[in-house]
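Engineer: what follows is a protein structure lacking sequence information:
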């Protein structure tokens, strides 16, 4: 069935290093993608989104890359900080974001001080 | 920014009882709200889509008679877990789509349900 998956379930990085979290999606009809951060016991927090007519989008310390050819999405966090430690989920949607979001399995990011 | 609240944040109930969880959009109107369930160390799984003024759309495998959803206004959706059992213990999260911006979904802080 349709799925949005992740290559790495856990990721440990040194404080100050850059982090890259990857996500593979299987539905070529998906046209809207979002990265969320979830801290323990809390709801998902929006980080950054990207539409299928783009291949890169930058925010504050974060960059999302979209490769539609191989159906791959990545989240890059620059100068990773201890406060970035959380579980990160990618999510995808179709019909310009009108369909419900489908979430990937999540990657736990641990920042080593 | 847009804020979604949930109440209660935590609830413990006895097996066989019913529990109602509220989801409110505080500063925007939401014709569509979504209910998710998240088990420990797992991802969010969509349970149902709640549409204001109409019946909810449930995902495959979700019992509509057990998880009652009411979306009576543009700022409030409720999820009632009826005859709760220990296996219903989970983290329930709602999200609301801003009527004015169809791309954006804002998530609530979640409700931890424990059924004893």
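Structural biologist: Arrived safely. Quantities reported herein were computed from a predicted structural model and do not represent experimental measurements. Numbers count the residues shown, from 1 in each chain, chains lettered A, B, ... in the order given.
Engineer: ok, stretch A:36-45 near chain B or not?
Structural biologist: Yes: under the criterion of C-beta under 8 Å from any C-beta of the partner chain, chain B is reached by stretch A:36-45 at A:36, A:41-45. Yep, even glycine has a C-beta here, placed from its N, CA and C like the rest.
Engineer: stretch A:74-93 too?
Structural biologist: Yes: interface with chain B: stretch A:74-93 contributes residue A:89 (C-beta under 8 Å from any C-beta).
Engineer: next, the buried residues of that stretch.
Structural biologist: A:74-77, A:80, A:84-93 (16 or more other C-beta atoms under 10 Å in any protein chain shown).
Engineer: sorry, back to before: could I get the residues of stretch A:36-45 next to chain B as CSV with pLDDT, secondary structure and distance to residue B:105?
Structural biologist: What follows is those, written out as CSV (pLDDT from 0 to 100; DSSP: H, G, I helix; E, B strand; the rest coil; distance: C-beta to C-beta, whole Å):
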residue, pLDDT, secondary structure, distance to residue B:105
A:36, 96, strand, 10
A:41, 93, coil, 20
A:42, 95, coil, 16
A:43, 95, coil, 11
A:44, 96, coil, 9
A:45, 94, strand, 12
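Engineer: show me the shaky parts of chain A.
Structural biologist: A:1-8 (pLDDT under 70).
Engineer: ok, which stretches of it are strands?
Structural biologist: Along chain A, counting by DSSP state E, strands occupy A:4-5, A:10-14, A:19-25, A:32-38, A:45-51, A:56-58, A:62-67, A:72-77, A:86-93, A:102-103, A:107-112.
Engineer: again with chain B
Structural biologist: B:4-7, B:10-13, B:19-25, B:32-38, B:45-51, B:57-58, B:67-73, B:76-81, B:90-97, B:105-107, B:111-115.
Engineer: for chain A, see how far away the nearest residue in space to residue B:29 that is not next to it in sequence is.
Structural biologist: For residue B:29, ignoring the flanking residues on the chain, the nearest one in space by C-beta to C-beta, 6 or more residues apart in numbering or on different chains is residue B:74 at 4.0 Å. Separation of residue B:74 from chain A (C-beta to the nearest C-beta, to the nearest Å) stands at 18 Å.
Engineer: OK, contacts around residue B:74?
Structural biologist: B:25, B:29-31, B:52, B:99 (C-beta atoms under 8 Å, 6 or more residues apart in numbering or on different chains).
Engineer: 10 Å - rerun?
Structural biologist: B:25, B:28-31, B:33, B:52-53, B:96, B:99 (C-beta atoms under 10 Å, 6 or more residues apart in numbering or on different chains).
Engineer: and these, which two are the farthest apart?
Structural biologist: Greatest spatial distance in those: B:28 and B:53, 17.1 Å, computed using C-beta to C-beta.
Engineer: picking that back up, dihedrals phi and psi, the residue nearest to residue B:29?
Structural biologist: Per-residue torsions, residue B:74: phi -80, psi 0 (degrees, to the nearest 10).
Engineer: and the gap between it and residue A:21?
Structural biologist: In this structure, residue B:74 and residue A:21 are 35 Å apart, going by C-beta to C-beta, to the nearest Å.
Engineer: return the residues of chain B in contact with chain A.
Structural biologist: B:1-2, B:4, B:6, B:9-10, B:32, B:34, B:36, B:38, B:41-46, B:48-49, B:57, B:59-60, B:91, B:93-95, B:97, B:101-112 (C-beta under 10 Å from any C-beta of the partner chain).
Engineer: mind redoing it with 7 Å?
Structural biologist: By C-beta under 7 Å from any C-beta of the partner chain, the part of chain B that sits against chain A consists of B:34, B:43-44, B:46, B:49, B:93, B:102-103, B:105, B:107-110.
Engineer: thank you kindly, that will do.
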